Structures are given as C-alpha cells and as structure tokens.
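> got a predicted structure plus its sequence, pasted below:
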Amino acid sequence: MKQSLLIAVLAACAVSAQAALKIGDPMPATDVKLTGEGGKETTLAELKGKKGTLIVITCNACPFALAWERRIVDIGNTYPEKGIAVVAVNANDPKIAASDSLEKTVARAKKEFYKFPYLVDSTQKLAKALGATKTPECFLFDAKGKLVYHGTVDDNHKEPSKVKNNYLRDALDAVLFGKEVPVAETKAMGCSIKYR
Amino acid sequence: MMVCLLAGCAREAPEATIKRVTAAQLLDVVRAPGAQAVLVNVYATWCGPCREEFPDLVKLERNYRVKGLRLLFVSADDEENMAAVKRFLAKQGVDYPTYLKAEQDMEFINGLEPRWDGALPATLLYDGAGRQRDFWTGAADYKTFEQKLKPILEEKP
C-alpha cells in the first residue's frame, strides 16, 4: 500500500520540462517564507545582498549535491563578506525524501559548517518560481536583482582538482567587479526536485 | 544434461552489455532502422526516482518489444561505478544492450535534448523515423509510459 502510494506520488511528479527563469528576469518570490532553525521564518527580501544574491537549490542526500557541497559551502562562507548573499534552499518534500526534513537540514548545515543560511522552502513556492528542477541548481542575481547566472557549480562534480571551468565562481567574481558574466547558463546532471 | 552435471556447469544469467556513448552516438542508435518507437531513459543507480520507475520500464520493454519498442537505458553513473551498474541491471533482469554516458554532462545534455537541464531521470520518446515525440524529467509509472507509447506504436509506418 505504502509502496503504491509512493509510486503514485512519484508518477504525479513526472513533469515535462518546466520553463526556468531566463537571464535578465527579476528575482521572484522574494516574499516567500523560508524556514530555518527553530522554525524561524525569513524571506529573500530580507536576505538579499548589496552586490548580489546567490540561491542554491540543494538537498541532503542527492549524490551530486553532496559531491559539490564542500565547494558550495566554501562559496557560501566567503562571498557574503564581499557583499553577495548566499542562501542554500532545500525544497524537497520530506514526505518523499525523509532526509530533507527541516531538522535534518538544520543538522546538516551545522555538521558541514555552513556560515550562511540553509533554509527549507516548505511550500516549494520559491523553487517553482525559479523553475528549478534539480539539485544542486544555482541562481545568481546581481545588485539590481536580475538573474545573471543559472546553472551548475563547475564542470566536474567528482574531482575538484580536475575542474576546468569554475562557472559559478567566475559569475560571482564578474558580479563583484561589475563585469559581464562570462558564461551565463550551464548544465549538469542532478537529482530531480521532489515536488509534491 | 549428464555432461552438464559432470562438468558442474551452472546456468549463468544473461548479462546486459554496457556501451559508452556520446549523445550523437546514442542518437544514431535511436535512428537505426527496425523500431516502431524508441524510448531513451537516462538514469543513475543511486537515483531514487530512477530506481522506482525502472521495473515499469523493464516490464514495458518485455510487453512491447514484439510490437516494435526499442528501449535504450543510459546510465549517468560515473564510469568507476560500472560494477554497480552491472549489478543493478542484472537485478532488474535487463539482458540486452544498454549504454553509459561518455562525455561531459553539458555536452551530453545539450546533444540529446537542449531543453533538458540535467534532472534525472530523463525520458525521451521517439517514433520509428527518429523524430522526438515526447520528453520529460522525473519518474513516471507503467500506465503513463504505456499511454505515451501506444499511439506511436499504432501509427502506420
């Protein structure tokens, strides 16, 4: 019974490719409440940075999210002091992926030394407004709140030492120095977001 | 029988072959003559939704092979996980040719379907002429696969 319910839920999640946000589009859903430790709610409007805002849709169990996690945390722990806010967001439905509950998300942020917010999008409104489909997926907005980069962290999830293109860092640095982002859209494999 | 007993030979389960492919090479297999419909499923052994839908795809292939379905499983696992891929396919009862992504993610994704952003599982449905007729990401079930497939199989070549 449980299994057939799960299969039905998964079947309902089968979606045709959704339209993602386009480069130049404004930051959406800035008033959507995101939940953190102790159930504390906050919004993108409150979190956004002076020079830009990076949203990383991620989760606690996807092998790709885990493979890139250290690099994401390094970025999240350093760019806010330069003026770019970094917000990690877990939008997976914990009824489908139990590892993505608020408690486990808070615990993971502590265990992996996140010094930036790792929040739960319990309504999934932010992830849907972004058109996010997988984890990890990065959305970088400039100081004016326009999307300037959408895609992956870099070109090698498995071996950081073999990365040839640091797409996300290049985009972040371009935003910091007021330059055009060299590669605005990139792709990589990832885990489907567990939409309810 | 006696020879087999004496030699102690055991019946080995047939094993799926796993061929490394680029998107372009995969599309050549899609367009190869002889099928009425081709379903490409990109999965990974560690991907929960991929594993959930996999048995339904295997069943679909069994039921519709004779009607012209060609099912191409493409693993997005890392090449070092080949042993895990083989074990997974054997457990699922797959004993026909399958594939392994053999180029960088972005090249493979854009080469196969530019609208695809890399979310797994990804499934693409083609008709016998190699024209793409449907594409979706996320898991589906047998009924959904069948509903999408049947109209294409029923078309006159």
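That came through fine.
> tell me where chain B has strands.
According to DSSP state E, chain B carries its strands in the segments B:18-21, B:37-43, B:69-75, B:98-101, B:119-120, B:122-127, B:132-137.
> now the angle from the second one to strand B:69-75?
I take that to be strand B:37-43. Taking axes from the mean of the first three to the mean of the last three C-alpha atoms, to 10 degrees, strand B:37-43 and strand B:69-75 form an angle of 20 degrees between their directions.
> packing partners for strand B:37-43?
Packing partners of strand B:37-43 (3 or more C-beta pairs under 8 Å, 6 or more residues apart in numbering or on different chains; DSSP states H and E): helix B:23-31, helix B:48-64, strand B:69-75, strand B:122-127, helix B:142-154. (Glycine included, C-beta is placed from N, CA and C.)
> so what are the sheet partners of it and their directions?
Counting by DSSP bridges, the strands paired with strand B:37-43 are strand B:69-75 (parallel), strand B:122-127 (antiparallel).
> try the first one
The sheet places strand B:18-21 alongside strand B:98-101 (parallel), with pairing taken from DSSP bridges.
> tell me which residues are up against the strand it pairs with.
Outside of strand B:98-101, the residues within contact range by C-beta atoms under 8 Å, 6 or more residues apart in numbering or on different chains are B:16-21, B:26, B:29, B:42, B:72-77, B:79, B:82, B:85, B:89, B:108.
> ditto for stretch A:28-44
Residues from elsewhere that reach stretch A:28-44, judged by C-beta under 8 Å, 6+ apart: A:21, A:27, A:45, A:48, A:53, A:55, A:87, A:89, A:102, A:106, A:109, A:117-123, A:125-126, A:129-130, A:145.
> buried set for that stretch?
Using 16 or more other C-beta atoms under 10 Å in any protein chain shown as the test for burial, stretch A:28-44 gives A:28, A:29, A:30, A:32, A:33, A:34, A:35, A:36, A:44.
> for chain B, state which of these is nearest.
The shortest approach to chain B among those belongs to residue A:28, at 17.1 Å (C-beta to the nearest C-beta).
> what about that closest one, distance to residue A:55?
Spatial separation of residue A:28 from residue A:55 under the definition C-beta to C-beta, to the nearest Å is 10 Å.
> and if you look at residue A:39?
Counting by C-beta to C-beta, the gap from residue A:39 to residue A:55 is 21 Å.
> in strands only, show me the buried residues of stretch A:28-44.
Of the positions in the buried residues of stretch A:28-44, A:34, A:35 sit in strands, assigned by DSSP E.
> most widely separated two among the buried residues of stretch A:28-44?
A:28 and A:36 (20.1 Å; C-beta to C-beta).
> would you map the strands across chain A?
Along chain A, the segments classed as strands by DSSP E run A:34-35, A:41-42, A:52-58, A:84-90, A:118-120, A:134-135, A:137-142, A:147-151, A:190-192.
> and for the last one, what's in contact with it?
For strand A:190-192, the external contacting residues (C-beta under 8 Å, 6+ apart) are A:13, A:59, A:62-65, A:133-137, A:152, B:47-49, B:118-121, B:137-139.
> can you do 10 Å?
Residues outside strand A:190-192 that contact it (C-beta atoms under 10 Å, 6 or more residues apart in numbering or on different chains) are A:10, A:13-15, A:57-59, A:61-65, A:68, A:92, A:97, A:132-137, A:152, A:157, B:44, B:46-50, B:76, B:105, B:117-122, B:137-139.
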